[in-house]
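> what follows is a protein structure lacking sequence information:
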């Protein structure tokens with residue numbers, strides 16, 4: 001069967017983004033009802049178990065899929081098909097071993113891992129979610145290979161399958177156990193088991209997709225691949241620094257979670273139940289704050305093989321242009337979303353989590369501002385990794401993470417600030433990371449992305465949108481009222497629609513979104529015509 005056609009980086013990102021939209025809708029169907037079913041304290045147990053799972057997942061899968069993608073892209077650019085095939089084979093066995101090790105640790109020591117977070121109630125959930133790591137590790141091999149071939153379609157479909165199964169199984173079990181009168185810990189474990197079943201389902205799909213579309217047909221003039229040992233060495237050389245950086249941030253976040261709980265109880269004077277409630281509502285706000293990053297991650301995945309291929313062909317100028325466009329498009333996407341979360345924090349939290357503690361809106365507003373620094377740093381990391389400077393990202397991640405823990409230690413322990421100190425630590429952490437990453441990019445890229453062409457237009461468009469959206473909500477709330485759930489939801493939805501329309505108009509007028517951007521996506525020229533986006537005059541290009 002003929003292999004799928006390669007996609008340019010923005011085309012691939014659009015495909016992945018469509019998947020993100022669907023998975024986020026399904027994820028909302030999963031997490032929002034789950035938070036209401038389990039309550040603030042129960043959601044804290046589930047989130048703690050997921051935090052442990054995420055740390056082990058990052059340890060096993062953060063760097064190596066990026067390395068596989070980059071290595072396969074470089075091999076394909078050079079026409080080395082046998083090299084590409086052997087890269088997949090080596091990575092498959094590597095991920096199998098990593099998956100077995102990490103899953104075994106979680107499966108055998110759930111009580112100890114839960115105890116490290118002062119959340120012994122999370123042990124059942126850790127036990128239930130442990131096998132999922134093995135499945136996701138194996139999935140990462142297939143995703144890395146397909147992404148290296150610049151084919152984002154299987155990743156997108158796989159994500160949808162994974163979340164759909166998680167919703168059906170996880171939410172279904174949580175509801176079932178609650179109705180049967182099971183304790184909160186068991187209900188949380190049921191929700192966590194949905195993650196495991198979802199991972200198994202997507203593994204079956206990805207293996208079948210590769211077998212169907214990337215069969216190993218005989219080659220008339222096969223190239224000579226490198227030895228398995230040399231490929232493994234390259235895989236580890238690229239992947240380990242990325243893994244260290246990502247794992248360091250995850251471990252720091254895990255330590256930070258423990259510190260937040262300890263400081264709320266030991267320094268700020270809250271009881272264990274009160275600290276669980278405060279941390280639980282913080283976790284709910286954090287779920288929403290992660291939303292913009294989910295829409296940027298497709299661009300992060302897509303640009304790595306594209307820039308890596310440019311570097312193989314010594315197209316330095318093209319690599320720099322792609323990096324600059326990626327950074328600007330990131331702000332085009334995440335900045336209005338972050339500001340939207342901030343200005344509509346009150347109705348968002350009260351509609352999605354109506355029975356939560358009252359600190360939620362302020363936490364979400366602060367984290368909405370932090371979210372676009374998170375997104376910007378993700379793309380900066382990808383730009384550095386694609387250029388072969390993956391080691392540098394470790395320094396910015398460690399520095400930002402240490403600052404986050406230090407700030408949270410002092411602010412959360414203050415009774416007058418308590419949980420409100422946590423989002424401020426997050427904001428400061430990612431601001432520092434962005435500054436450091438940009439310094440690294442300026443130093444190592446021959447054709448440097450210019451922030452003067454990246455930041456101003458999305459910022460102006462987003463601020464215009466934020467002011468009008470906030471004003472629209474306040475006006476609607478004054479006219480319609482927000483005393484009931486339905487009225488508040490109506491005011492929020494209308495304000496969001498107004499905000500989206502205002503941002504599109506502002507982005508077109510400020511040229512935050514360009515005709516060249518639209519030309520890179522499917523049917524982009526038609527969409528550009530619909531939005532009245534015209535090509536820039538030649539002297540402005």
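Looks like it came in fine. Quick caveat, the model's predicted, so the values are computed rather than measured.
> tell me the buried residues in whichever strand or helix holds residue 95?
Assigned by DSSP states H and E, residue 95 falls within helix 81-108. Within helix 81-108, the residues scored as buried using 16 or more other Cβ atoms under 10 Å are 81, 83-88, 90-91, 94-95, 98-99, 102-103, 105-107. For the C-beta atoms, the positions are set from N, CA and C on the backbone; glycine is no exception.
> ok, the spatially closest residue to residue 320 that is not a sequence neighbour - how many residues close by?
Among residues not flanking residue 320 along the chain, residue 447 sits closest, at 3.0 Å (Cβ to Cβ, 6 or more residues apart in numbering). Using other Cβ atoms under 10 Å, residue 447 is surrounded by 14 other residues.
> need the contact list for residue 447.
Residue 447 is in contact with 316, 317, 319, 320, 321, counting by Cβ atoms under 8 Å, 6 or more residues apart in numbering.
> the same query, at a cut-off of 6 Å, please.
316, 317, 320 (Cβ atoms under 6 Å, 6 or more residues apart in numbering).
> from residue 323, how far out is it?
8 Å (Cβ to Cβ, to the nearest Å).
> how far out from the middle of the chain is the helix or strand harbouring residue 434?
In the assignment (DSSP H and E), residue 434 maps to helix 421-444. Relative to its parent chain, helix 421-444 has a centroid offset of 17 Å by Cα atoms, centre = their mean, to the nearest Å.
> quick one: neighbours of residue 215, just the number.
Using other Cβ under 10 Å, the number of residues around residue 215 comes to 9.
> the one 4 residues further on now?
The local packing of residue 219 (other Cβ under 10 Å) involves 10 other residues.
> for residue 283, see how far away the closest residue to residue 276 other than its chain neighbours is.
Excluding the flanking residues, the one nearest residue 276 by Cβ to Cβ, 6+ apart is residue 41, at 4.3 Å. For residue 41, the distance to residue 283 equals 11 Å [Cβ to Cβ].
> quick one: mean pLDDT over the helix holding residue 434.
Mean pLDDT, computed over helix 421-444, is 90.
> any residues touching it, and which ones?
Residues from elsewhere that reach helix 421-444 (Cβ under 6 Å, 6+ apart): 260, 282, 363, 366-367, 370, 373-374, 376-377, 380, 384, 389, 392, 396, 399-400, 403-404, 407-408, 411-412, 448.
> check stretch 327-336 too.
292, 295-296, 372, 375-376, 379, 449, 454, 458, 462, 465, 503, 512-513.
> which SSE is immediately downstream of the helix holding residue 95?
helix 110-116.
> quick check: mean pLDDT of that next one?
84.
> how far away from the center of its chain is that helix?
Taking mean C-alpha positions (Cα atoms, centre = their mean), helix 110-116 and its chain are 26 Å apart.
> and if you look at stretch 187-194?
How far stretch 187-194 lies from its chain's middle: 22 Å, per Cα atoms, centre = their mean.
> do the same with stretch 215-235
Relative to its chain's centre, stretch 215-235 lies at 32 Å (Cα atoms, centre = their mean).
> what does that stretch contact?
So stretch 215-235 is in contact with 67, 80, 81, 82, 83, 86, 87, 90, going by Cβ under 6 Å, 6+ apart.
> just say helix, strand or coil for the residue of the chain positioned farthest from its centre.
Among residues of the chain, the one most distant from the C-alpha centroid is residue 220; the distance is 41.8 Å, by Cα atoms, centre = their mean. For residue 220, the assignment made with DSSP: H, G, I helix; E, B strand; the rest coil gives coil.
> rewinding a little: just the buried ones from the contacts of helix 421-444?
Looks like the contacts of helix 421-444 have 260, 282, 363, 366-367, 370, 373-374, 376-377, 380, 384, 389, 392, 396, 400, 403-404, 407-408, 411-412 buried, using 16+ other Cβ under 10 Å.
> quick check: which ranges of the stretch 151-300 of the chain have low pLDDT?
Residue ranges of the stretch 151-300 of the chain with pLDDT under 70: 246-251, 254.
> how about the strands in it?
Assigned by DSSP state E, counting those that start in this stretch, the strands in the stretch 151-300 of the chain number zero.
> helices of that one, start to end?
In the stretch 151-300 of the chain, the helices defined using DSSP state H, counting those that start in this stretch lie at 153-166, 172-179, 184-213, 228-262, 272-289, 291-312.
> for residue 352, find the nearest of the ones you listed.
For those, the distance to residue 352 is smallest for helix 272-289, at 7.5 Å, taking Cβ to Cβ.
> buried residues in the closest one?
So, applying 16+ other Cβ under 10 Å, buried residues of helix 272-289: 274-289.
> go on, stretch 495-503?
495, 496, 498, 499, 502, 503.
> out of those, which two sit at the greatest distance?
Checking the buried residues of stretch 495-503 with Cβ to Cβ, the most distant pair is 495 and 503, at 12.3 Å.
> between the contacts of stretch 327-336, which sits nearest residue 303?
Nearest to residue 303, judged by Cβ to Cβ, of the contacts of stretch 327-336 is residue 379 at 7.5 Å.
> can you tell me how far that closest one sits from residue 272?
40 Å.
> just residue 344 next, same as before
For residue 344, the distance to residue 272 - Cβ to Cβ - is 33 Å.
> what segments of the stretch 351-500 of the chain are helices?
Under DSSP H, counting those that start in this stretch, the stretch 351-500 of the chain gives helices at 360-387, 392-412, 421-444, 456-480, 485-510.
> so which of the ones you listed comes closest to residue 252?
Of the helices of the stretch 351-500 of the chain, nearest to residue 252 by Cβ to Cβ is helix 392-412, at 3.5 Å.
> other SSEs contacting that closest one?
Contact here means 3 or more Cβ pairs under 6 Å, 6 or more residues apart in numbering; DSSP states H and E; on that basis helix 392-412 packs against helix 228-262, helix 360-387, helix 421-444.
> let's see it at 10 Å
Helix 392-412 is packed against helix 228-262, helix 272-289, helix 360-387, helix 421-444, with contacts defined by 3 or more Cβ pairs under 10 Å, 6 or more residues apart in numbering; DSSP states H and E.
> of the ones you listed, which stretch is the most buried?
helix 360-387 (a mean of 24; mean count of other Cβ atoms under 10 Å).
> what angle do helix 228-262 and it make with each other?
160 degrees (axes from the mean of the first three to the mean of the last three Cα atoms, to 10 degrees).
> any idea how far helix 360-387 is from the chain center?
9 Å.
> what does stretch 144-156 give?
The chain centre lies 17 Å from the centre of stretch 144-156; the measure is Cα atoms, centre = their mean.
> again, but for stretch 133-153
On Cα atoms, centre = their mean, the centre of stretch 133-153 falls 16 Å from the chain's centre.
> buried residues, that stretch. List them.
Buried residues in stretch 133-153, defined by neighbour count with 16+ other Cβ under 10 Å: 133-153.
> check stretch 390-399 too.
Within stretch 390-399, the residues scored as buried using 16+ other Cβ under 10 Å are 390, 391, 392, 393, 394, 396, 397, 398.
> ditto for stretch 457-477
For stretch 457-477, by 16+ other Cβ under 10 Å, it's 457-459, 461-462, 464-466, 468-470, 472-473, 476-477.
> now residue 415: phi and psi?
When read as degrees, to the nearest 10, the backbone of residue 415 gives phi -60, psi -30.
> give me the neighbour count for the residue lying closest to it once chain neighbours are set aside.
Nearest residue to residue 415, sequence neighbours excluded (Cβ to Cβ, 6+ apart): residue 268, at 4.5 Å. Neighbour count for residue 268, taken as other Cβ under 10 Å: 22.
> shouldn't residue 268 be in contact with residue 278?
Yes: using Cβ atoms under 10 Å, residue 268 is in contact with residue 278, at 9.0 Å.
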